[in-house]
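Q: Quick one, structure for this:
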Amino acid sequence: MSAITDYFTAPSDEHAAAALEGLVDLDPAVIEANEALYRTSPDVATRPRIQLAASGTPILQAKGVDPAVSLGRLEASLTGRPYDEVAKGPRRGTLVAMSEDGDTLVLAVSDELRDALAELNADGVATAAAAWAIDETSEPSEESVPFLTAFAELAARAVTQGERMYGYVVI
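A: The predicted structure is shown next:
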């Protein structure tokens, strides 16, 4: 059974943890300002996109992008640091909150990954996708570039607003 993972931004760990109590709404409604872009550009229309919850929280829904191992490999690729060093980072995939029954988690995304993603341009996304794989076959999947494009947009938004990134995982 695979987990469902959504990525979102929040100003603090406490705010992110409130997602478990429903205090931070993570049910997305499409960002109105970007709707015209998604309707007019076929390549954009088919890729993952950032959505906005009623609470104003930006969300990127992801399939099978693990906040610990997959994002650790991505961070290693983007920063040029060895995976073993990245894995020891203080915020990489650390538990922020867990539901009482343990089937829903909020995990931190490292600030180093957020910052590296926020700096990517289109060429950087393509290069990163070639070096990183979403699936476990160690080969870039067709979904790598579209996901990384949207993930980089979410990271840039977080940096601009002084927020951190989180994974909301339902097991």
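Q: Sort out which residues of the longest helix seen in the chain are buried, please.
A: Using DSSP state H, we find that the single longest helix of the chain is helix 144-161. By neighbour count with 16 or more other Cβ atoms under 10 Å, helix 144-161 contains the buried residues 144-159. For every residue, glycine as well, the C-beta is placed using N, CA and C.
Q: Give me the distance from the helix or strand that that helix is followed by to the chain's centre.
A: Helices and strands here follow DSSP states H and E; after helix 144-161, the next one along the chain is strand 164-170. Here strand 164-170 is found 7 Å from its chain centre; the criterion is Cα atoms, centre = their mean, to the nearest Å.
Q: My read is that Val109 contacts Arg91, right?
A: Yes. Between Val109 and Arg91 there is a contact under Cβ atoms under 8 Å: 7.4 Å.
Q: what's the overlap in contacts for the two?
A: Arg164 (Cβ atoms under 8 Å, 6 or more residues apart in numbering).
Q: which of these two has more neighbours?
A: Val109 (27 against 18; other Cβ atoms under 10 Å).
Q: Excluding chain neighbours, what is closest to that one?
A: Leaving out its chain neighbours, the residue that sits closest to Val109 by Cβ to Cβ, 6 or more residues apart in numbering is Met165, at 3.8 Å.
Q: now do Asp103
A: Asp103 sits nearest to Ile171 (Cβ to Cβ, 6+ apart), 4.9 Å away.
Q: for that neighbour, what are its contacts?
A: Met1, Ala3, Gly102, Asp103, Thr104, Leu105.
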